[in-house]
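**Student:** sharing a model prediction with you, sequence too.
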Amino acid sequence: MANTRRAKPNSQLRTVSETAVHTIKVTLDGCRPPIWRRLQVPSDTTVQQLHRLIQTAFGWEDYHMWAFETGRERYGLADRELGIRSAASKRLGELVPTVGGRLGYTYDFGDNWEHDILVESVGEAEPGVTYPRCITGRRACPPEDCGGPWGYDDLIEILSDPSHEEHEERLEWLGLDSADQFDPAAFDLGEVNRALSDYQSVLIQG
């Protein structure tokens, strides 16, 4: 008698539509007031590509190691000792296919900048619209190598106090002539999308 049992579907094999778009909110943990970006990203974006998009949208300079965490697995530049799998082929829509799904993203294992990624919606791309794109956000990206959220708080405090003994030293470290040249509240949506333009394409022709 023939074996008629059907193979169980592999939950890892998900079909990701080429015209689907994830709207995600990426928030930098530990910073007050909050620093975040809301992005619309093709669902078939690999997590390696997502790393580049987050770097660009926030203004990081991609100097350091990074990894995405699902709670069970880590993806980044493959490293067996650190338990990190390659992010080159795993897609956003496979890892977090539905609204409410979450990913962690850590940049710089020294400063430990942890980002929370929340899927706010999943839907079809709009005709004639280029993706990925940033649709809103808040506040400037911290400088690289400033010591994580706590170091960043100290930096802002020092820059705001011209009488602080480290004021001039920090200005020199940042390459600034005055503290007015760094505004932690600044966010320029047009500038972010111009930076993302190298990655953009139209998913559905208008």
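**Tutor:** Here it is on my side, so go on. Residues are numbered from 1 along each chain as shown.

**Student:** nearest residue to the residue sitting nearest the centre point of the chain in space, please, no chain neighbours.
**Tutor:** The residue lying closest to the centre of the chain (Cα atoms, centre = their mean) is residue 54, at 3.0 Å. Spatial nearest neighbour of residue 54, chain neighbours left out: residue 26 (5.8 Å); criterion: Cβ to Cβ, 6 or more residues apart in numbering. Bear in mind the C-beta positions are built from the backbone N, C-alpha and C, glycine included.

**Student:** next, the buried residues of stretch 105-124.
**Tutor:** 105-108, 111, 113-115, 117-119, 122 (16 or more other Cβ atoms under 10 Å).

**Student:** who does the strand or helix carrying residue 105 pair up with?
**Tutor:** Assigned by DSSP states H and E, residue 105 belongs to strand 102-107. Here strand 102-107 has these sheet partners by DSSP bridges: strand 66-69 (antiparallel), strand 113-124 (antiparallel).

**Student:** nearest to residue 58, out of the ones you listed?
**Tutor:** Closest approach to residue 58 among the strands paired with strand 102-107 (Cβ to Cβ): strand 113-124, 8.2 Å.

**Student:** show residues contacting the very next helix or strand once past that closest one.
**Tutor:** Using DSSP H and E, the helix or strand that directly follows strand 113-124 along the chain is strand 130-131. Residues from elsewhere that reach strand 130-131 (Cβ atoms under 8 Å, 6 or more residues apart in numbering): 21, 40-42, 125, 197, 200-203.

**Student:** what segments of this protein are strands?
**Tutor:** 20-28, 35-42, 66-69, 74-76, 84-86, 102-107, 113-124, 130-131, 133-138, 201-202 (DSSP state E).

**Student:** highest mean neighbour count out of these?
**Tutor:** strand 35-42 (a mean of 23; mean count of other Cβ atoms under 10 Å).

**Student:** what packs against that one?
**Tutor:** If you count contacts as 3 or more Cβ pairs under 8 Å, 6 or more residues apart in numbering; DSSP states H and E, strand 35-42 packs onto strand 20-28, helix 47-58, strand 130-131, strand 133-138.
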